[in-house]
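> sequence plus the predicted model coming up.
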Amino acid sequence: METRVPRWIFVPAALGAAFVLLPLVAIVARVDWGSFGSLITSESSREAFVLSLQTSGASTLLCVVVGVPMAVVLARTEFRGQGVVRSLVLLPLVLPPVVGGLALLYTFGRRGLLGESLDALGVQVAFSTVAVVLAQTFVALPFLVISIEGALRTAGERYEVVAASLGARPTTVFRRITLPMVLPGLVSGAVLAFARSLGEFGATITFAGSLQGVTRTLPLEIYLQRETDPDAAVALALVLVVVAVLVIGLARQSRTAL
Amino acid sequence: MRIPFVTALVVLSLALAGCGSDDDGDGGGGGDGPATLTVYAAASLTKTFEQLGEAFEAEHDGVEVELSFGGSSDLVAQIQEGAPADVFASADLANMEKLTAEGLEGQDPQEFATNTLQIAVAPDNPLGIESLADVVGKGVNLVTCAPEVPCGAAAQKAAEAAGLELTPVSEEQSVTDVLAKVTSGEADAGLVYVTDVIGSDGAVLGVDFAESSAAVNTYPITTVADSDETDLAEEFVELVLSEEGQAILREAGFAPA
């Protein structure tokens, strides 16, 4: 039998859904369809779109490379102060992105903690595409870590223990058991990270600046276009929404396929 | 348990609905009792308009001046969407024209101040920047406003007058963002307004350059058509244009219109 939910619960649920969906409908209603094509294919729009996809992709990759090990350490080991470490790692979730941007500036900026050493090496992070990727990774990483850590805890350690008792070395267990087991969690975590990167604004504009083709991602372009051409801003906003919906939709499909 | 929860929901939704109508009721109250004058002003006017607001409150018993600062285009967009502004002061003529194009002005806009660009550099000017030509080219991290915003349009005009092409490492959204990039040391030079340099209290040094005269920014002010406090709004505009108001603006570095 289907689980029964109390009937009244549909009322707040519907209200909540309307609260989320209505603004999207409002955006669609504002789109100037006559010039939609030309608005979203202007050179600045295209460059912003491509830059957004590239940087979000790079950020997601970076998140996976460091985030999976982080999640494994948090879920499968125990050490003093682990709770504190977990809270700190998840901090960017609640930190206003602008504050994150400032923190990155004070770290990688010219006068930042690492900035001087980087400067000596001839590396300048600020105002570069690398800065965009760093900003996006900073805000997106917790989404991936949480998602995979949750998957690891739900999966439990049974199979890993069995594999180890059969003589598999830790790396083999990680590669053959742990990773395949949390793959669905990894996919949804990566999708969340990609979506969060795609929408990143505050940390990017604070830390990376805004220059067409270099650091001006789609959200920054939307914010700028609004100054002179609100129609273009609305059109681009719709593009961003569609990409986000596609990404989430694709991820759902691939997850059910797994 | 069930009934109280449903009741709570009903109460909550009623409260929310109440919020909506409350706003409308508030604005229509003009006349007797305490009045609120809402002034929308460009972000670059923050310090001066705070002073002007205080001066206005001192002269008008029971009147409260509420100030909302932001990018001029943001403010126009908000007014166009029905924000309850009584007075609007823009950082450039273009954004004021957006307002008048829709007939949202209560009176003809009046120009009340001008502002010119300076090159903001670190206080000790380590690169020895003395002209606009010095900030163009390799080795100097120049930051400007994007051409889409007033300070960026002014920067472009100045560069054209100098026959130079600016090569900024970043085109920021607002002049305060440009200033922040210079004060934080990320940028070597930034094109900002004279008033921003004065307002930074020594955090940056302002370098004058000849071509800035080609890009003088004019600040217009007007009352808003839908204002419930038309009289007060007009008096506020008068204050800004008065000797007292102009003195406050001069002190911050604004030039007469």
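Yep, it's here. Keep in mind that this is a model prediction, so the values were computed, not measured.

> CA atoms only for stretch A:75-95, dumped as CSV, please.
Written as CSV, here are the backbone C-alpha positions of stretch A:75-95 (Å, rounded to 0.1, in the frame of the first residue of the first chain):
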residue,chain,number,x,y,z
ALA,A,75,33.2,9.2,6.5
ARG,A,76,35.7,6.3,6.9
THR,A,77,38.3,7.5,9.4
GLU,A,78,38.1,8.9,12.9
PHE,A,79,40.5,11.5,14.3
ARG,A,80,40.4,14.2,17.0
GLY,A,81,38.6,17.3,16.0
GLN,A,82,36.9,15.6,13.0
GLY,A,83,33.6,17.3,13.8
VAL,A,84,35.3,20.7,13.8
VAL,A,85,37.0,19.9,10.5
ARG,A,86,33.7,18.8,8.9
SER,A,87,32.0,22.0,10.0
LEU,A,88,34.8,24.2,8.7
VAL,A,89,34.9,22.3,5.3
LEU,A,90,31.2,22.9,4.9
LEU,A,91,31.5,26.6,5.9
PRO,A,92,31.3,27.9,2.3
LEU,A,93,27.7,26.6,2.3
VAL,A,94,26.6,29.3,4.7
LEU,A,95,29.2,31.9,4.0
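
> what about residue 197, how many neighbours?
I went with chain A, as the question did not name one. 30 (other CB atoms under 10 Å in any protein chain shown). No exception for glycine: its C-beta is placed from N, CA and C like everyone else's.

> hmm, I had chain B in mind actually
25.

> how much space between it and chain A?
20 Å (CB to the nearest CB, to the nearest Å).

> the spatially most central residue of chain A - nearest residue in space that isn't next to it in sequence?
Centroid check for chain A by CA atoms, centre = their mean gives A:Ala193 as the closest residue, at 2.5 Å. Spatial nearest neighbour of A:Ala193, excluding adjacent residues (CB to CB, 6 or more residues apart in numbering or on different chains): A:Ala140 at 4.0 Å.

> what about that neighbour, helix or strand, and which?
helix A:129-155 (DSSP states H and E).

> tell me the mean pLDDT over that helix?
The average pLDDT for helix A:129-155 rounds to 94.

> okay, buried residues for the helix or strand just after it please.
As assigned by DSSP H and E, the chain's next helix or strand after helix A:129-155 is helix A:158-165. Neighbour-count burial for helix A:158-165, with 16 or more other CB atoms under 10 Å in any protein chain shown as criterion, is recorded at A:Glu160, A:Ala163.

> need the contact list for residue 156.
Going with chain A. For A:Gly156, no contacting residues are found, by CB atoms under 8 Å, 6 or more residues apart in numbering or on different chains.

> my question was about chain B, not that one.
Neighbours of B:Gln156 in contact, by CB under 8 Å, 6+ apart: B:Pro147, B:Leu166, B:Ala215.

> re earlier: test my guess that the residue nearest to A:Ala193 contacts A:Thr60.
Yes - under the criterion of CB atoms under 8 Å, A:Ala140 makes contact with A:Thr60 at 7.1 Å.

> overlap of the contact sets of the two?
A:Ala193, A:Phe194, A:Ser197.

> which ones among these map onto helices?
Of these, the ones assigned to helices by DSSP state H are A:Ala193, A:Phe194, A:Ser197.
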